[in-house]
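Student: My questions concern the predicted model and sequence given below.
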Amino acid sequence: MSKNDLEKSALSETPKPRLIDFENDVIQFTGEVIPRGGEGPTTLTQMGPLAIADFIKQGFGTEVNKTEGTKYVGQFENDRHHGHSVLTYEQTGDFYDGAWVEGNIEGEGKFSFSNGDVFEGSFAAN
């Protein structure tokens, strides 16, 4: 069984997602998670600097990537962007509003750029 199959299997056996609020030097995340490999920490005070790795993002959340300058608000599945979301490039104000599949922009969506250009339609995984 592959690692991906094991994680999917684990998802079906894990508790319902719970909310966390996490921030380090690179990522700020607020949203639903499930523990990776057991119960894991249950409060922010129990979390160390790398503790976000103890969780799988699952459900709705907001993720700010400080290195890339992006803000993702939407659905997560198995720790990846998946489902409908809005991705904003903070520095330019450009944004994508639409579908994601397993971490890739895929399906119906709309890119809107700060210069007024808009690309709307069906996107294939990149």
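Tutor: Cool, the structure landed.
Student: I'd like the distance between residue 107 and residue 34.
Tutor: 25 Å (C-beta to C-beta, to the nearest Å). Just so you know, the C-beta spots here come from the backbone N, C-alpha and C atoms, and that holds for glycine as well.
Student: what about those two, which has more around it?
Tutor: Shown here are residue 107 and residue 34; by other C-beta atoms under 10 Å, residue 34 has more neighbours (19 against 16).
Student: which residues of the protein fall in strands?
Tutor: Applying DSSP state E to the chain gives strands spanning 18-23, 27-35, 55-65, 70-77, 80-89, 95-101, 104-112, 118-123.
Student: Give me the sheet partners of the last one and which way each runs.
Tutor: Pointing back at strand 118-123 there. strand 104-112 (antiparallel) (DSSP bridges).
Student: how about the strand it pairs with: buried residues?
Tutor: 105, 106, 107, 109, 111, 112 (16 or more other C-beta atoms under 10 Å).
Student: was I right about the third one contacting residue 98?
Tutor: Yes - the pair formed by residue 107 and residue 98 meets the contact definition of C-beta atoms under 8 Å, at 6.6 Å.
Student: Quick check: neighbours shared by the two?
Tutor: The contact sets of residue 107 and residue 98 overlap at residue 123 (C-beta atoms under 8 Å, 6 or more residues apart in numbering).
Student: Please identify which pair of the buried residues of strand 104-112 lies farthest apart.
Tutor: Comparing every pair within the buried residues of strand 104-112 by C-beta to C-beta identifies 106 and 112 as the most remote, at 18.1 Å.
Student: Can you tell me, leaving aside adjacent residues, what's nearest to residue 90?
Tutor: residue 69 (4.8 Å; C-beta to C-beta, 6 or more residues apart in numbering).
Student: Phi first, then psi, for the one you found.
Tutor: phi 70, psi 40 (degrees, to the nearest 10).
Student: And for it, the neighbour number?
Tutor: Residues near residue 69, counting by other C-beta under 10 Å: 12.
Student: Now do the contacts for it.
Tutor: 89, 90, 91.
Student: list the contacts for the second one?
Tutor: Translated: residue 90. Per C-beta under 8 Å, 6+ apart, neighbours of residue 90: 64, 69, 70, 71.
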